[in-house]
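In: What follows is a predicted protein model with its sequence.
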Amino acid sequence: MEITPATVAQEQEWIAQRADRIVPLINSVRSNLGSLFGTEVDEVTRQQYRRAVDEVFADGDLAVNVAALVVLLRDLDVDGDYPGFVVDELLGRELAGMIAGQQPLRLLGEATFHFADVHVHGGETEEAGRDDLDAALTAGFQTRLPGWEWTARQSPFDPDQ
């Protein structure tokens with residue numbers, strides 16, 4: 001695999017074009033998590049998602065790594081799937097964390113990947129890594145985007161408070 005600036009640009013466009021698939025998954029995950037935690041979580045729009053994709057790819061170092069993980073997951077297939085379970089989970093979790101941002105969002109993105117992965121299923125003919133890719137995009141962007149009450153308020157641990 002060779003990742004070039006053109007590859008990164010292609011992957012950015014591919015991810016942005018997944019809005020029709022990923023945004024409903026984000027909103028479903030947010031609704032399910034909101035119910036579990038007893039809170040309301042704002043839905044995400046396709047426009048917010050696309051802007052967040054642009055933000056991720058505005059950082060060249062982050063963009064090249066995100067693009068590489070997307071290419072790997074999209075093409076990853078293992079006969080019978082189960083033997084590849086560990087590698088697609090590892091790559092998916094890492095991608096979700098990268099997209100989510102710096103700590104503590106990174107950890108939340110990684111944890112949310114496992115939650116999303118349980119709810120995202122690919123078709124019988126899809127590569128084994130494809131559903132993990134969708135779960136990673138869902139978890140990473142849902143964590144990165146605003147809409148959770150706790151992210152909209154000032155931290156009670158802020159020294160300037």
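Out: Good, I have the coordinates.
In: Now for this structure: which helix has the highest residue count?
Out: helix 19-37 (DSSP state H).
In: which helices and strands does that one pack with?
Out: Secondary-structure packing of helix 19-37 (3 or more C-beta pairs under 8 Å, 6 or more residues apart in numbering; DSSP states H and E): helix 46-58, helix 105-119, helix 128-144. Backbone N, C-alpha and C define where each C-beta goes, glycine included.
In: how would you label residue 39: helix, strand or coil?
Out: Of the three states, residue 39 takes coil under DSSP: H, G, I helix; E, B strand; the rest coil.
In: which phi and psi does it have?
Out: When read as degrees, to the nearest 10, the backbone of residue 39 gives phi -140, psi 160.
In: What residue, apart from its backbone neighbours, is nearest it spatially?
Out: Nearest residue to residue 39, sequence neighbours excluded (C-beta to C-beta, 6 or more residues apart in numbering): residue 149, at 6.0 Å.
In: I figured the one you found hits residue 38, correct?
Out: No - between residue 149 and residue 38 there is no contact under C-beta atoms under 8 Å: 11.0 Å.
In: Between those two, tell me which one has more neighbours.
Out: Just comparing residue 149 and residue 38: by other C-beta atoms under 10 Å the higher neighbour count belongs to residue 149, 13 against 6.
In: distance of the more buried one from residue 15?
Out: Counting by C-beta to C-beta, to the nearest Å, the gap from residue 149 to residue 15 is 27 Å.
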